[in-house]
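Novice: Everything below, folded, please.
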Amino acid sequence: MIRDPIQLYFRDPDKKAKFFVFTTIAMVLTTILITIGMLIFILRLVRVI
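Specialist: Numbering: from 1, shown residues only. The predicted structure follows:
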């Protein structure tokens, strides 16, 4: 009988909620960083910066 540690971790609803909040914040921060990077790239391409 092999126990999956991920299933054991997500059995607790509190841990599942913390993981969901963490991944949501990580996705928002990643989106913001990609947007800033693209703006800088476009401004450098047009020679504004």
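Novice: List the buried residues of the top helix by length along the chain.
Specialist: Using DSSP state H to define each element, the chain has its longest helix at helix 13-45. Across helix 13-45, burial judged by 16 or more other CB atoms under 10 Å covers no residue at all. (Each C-beta comes from the backbone N, C-alpha and C, glycine too.)
Novice: gap between it and the chain center?
Specialist: 5 Å (CA atoms, centre = their mean, to the nearest Å).
Novice: Any regions of this protein where pLDDT drops low?
Specialist: 1-2 (pLDDT under 70).
Novice: re the thing from before, counting by contacts, list what the longest helix of the chain packs against.
Specialist: helix 5-10 (3 or more CB pairs under 8 Å, 6 or more residues apart in numbering; DSSP states H and E).
Novice: list the helices and strands the helix it packs on packs on?
Specialist: helix 13-45.
Novice: burial count for Tyr9?
Specialist: 11 (other CB atoms under 10 Å).
Novice: how much space between it and Arg47?
Specialist: To Arg47, Tyr9 is 51 Å away according to CB to CB, to the nearest Å.
Novice: Can you name the residues in contact with stretch 3-12?
Specialist: The contact list for stretch 3-12 (CB atoms under 8 Å, 6 or more residues apart in numbering) reads Lys15, Lys16, Phe19.
Novice: How far off centre is that stretch?
Specialist: 21 Å.
Novice: Now do the end-to-end distance for it.
Specialist: 15 Å (CA to CA, to the nearest Å).
Novice: gap between Pro13 and Val48?
Specialist: Distance from Pro13 to Val48, by CB to CB: 49 Å.
Novice: same question, Gly37
Specialist: As judged by CB to CB, Gly37 and Val48 stand 15 Å apart.
Novice: what do you get for Lys18?
Specialist: Going from Lys18 to Val48 by CB to CB gives 42 Å.
Novice: Same check on Ala26?
Specialist: Distance from Ala26 to Val48, by CB to CB: 30 Å.
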